[in-house]
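Participant: below: sequence and its predicted model.
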Amino acid sequence: MTIPTRRNLRIAVLAAAAIGSVFWLAVCVRVLMIPPPRRDGFEMLGAILATAYFLALVLPTLALGILGRWLPLGAVLGATAVAIASDAVVPWIPWSAFAGGLF
């Protein structure tokens with residue numbers, strides 16, 4: 001693997017880890033913003049699943065990106081993390097609020 005390719009792959013892996021970290025933080029903040037009278041304990045399942053997502057996909061991606069080792073595996077893990085995060089976020093975006101709407 002050439003040096004520019006390795007550098008670009010490392011940047012992509014670190015960017016995927018950053019996107020996954022932001023998704024994890026957003027889920028945890030969103031769960032904690034639920035008012036206490038509306039909490040029943042089940043809302044913490046979202047935070048638990050998001051933490052499992054972070055530990056299983058995002059943290060190894062970040063470690064591989066920082067160390068610069070096994071970058072193709074880091075890219076696969078990062079792509080999986082971004083795919084899961086975008087699949088969880090995109091359906092909840094109010095597309096009709098945009099001028100033309102996509103749907």
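Facilitator: Done, it's in.

Participant: hey, let's count contacts and neighbours off CA atoms from now on
Facilitator: Noted.

Participant: quick check: next helix or strand after the top helix by length along the chain?
Facilitator: When the chain is parsed with DSSP state H, its longest helix is helix 3-32. Per DSSP states H and E, helix 3-32 leads on to helix 44-53 as the next helix or strand towards the C-terminus.

Participant: could I get the buried residue list for that next one?
Facilitator: 47, 50, 51, 53 (16 or more other Cα atoms under 10 Å).

Participant: ok, and what's touching the host helix or strand of residue 63?
Facilitator: Using DSSP H and E, residue 63 falls within helix 59-67. The contact list for helix 59-67 (Cα atoms under 8 Å, 6 or more residues apart in numbering) reads 10, 11, 13, 14, 16, 17, 70, 71, 74, 75, 77, 78.

Participant: put together TSV for these, with pLDDT, distance to residue 85 and neighbour count on each row.
Facilitator: Output for the contacts of helix 59-67, formatted as TSV (pLDDT from 0 to 100; distance: Cα to Cα, whole Å; neighbours: other Cα atoms under 10 Å):
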residue	pLDDT	distance to residue 85	neighbour count
10	94	20	24
11	95	19	17
13	95	15	29
14	95	15	23
16	95	10	26
17	95	11	29
70	93	23	12
71	93	20	22
74	94	16	27
75	95	15	23
77	94	12	23
78	94	10	29
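
Participant: relative to residue 1, which of those is nearest.
Facilitator: Nearest to residue 1 out of those is residue 71 (Cα to Cα; 10.4 Å).

Participant: residue contacts, that closest one?
Facilitator: 6, 9, 10, 13, 64, 65.

Participant: wait, the second one sits on residue 75?
Facilitator: Yes. Look at residue 9 against residue 75 with Cα atoms under 8 Å: they come within range, at 7.2 Å.

Participant: the longest helix of the chain: how far from the chain's middle?
Facilitator: Taking Cα atoms, centre = their mean, to the nearest Å, one finds the center of helix 3-32 at 6 Å from the center of the full chain.

Participant: what pLDDT does residue 88 get?
Facilitator: Reported pLDDT at residue 88 in the predicted model: 77.
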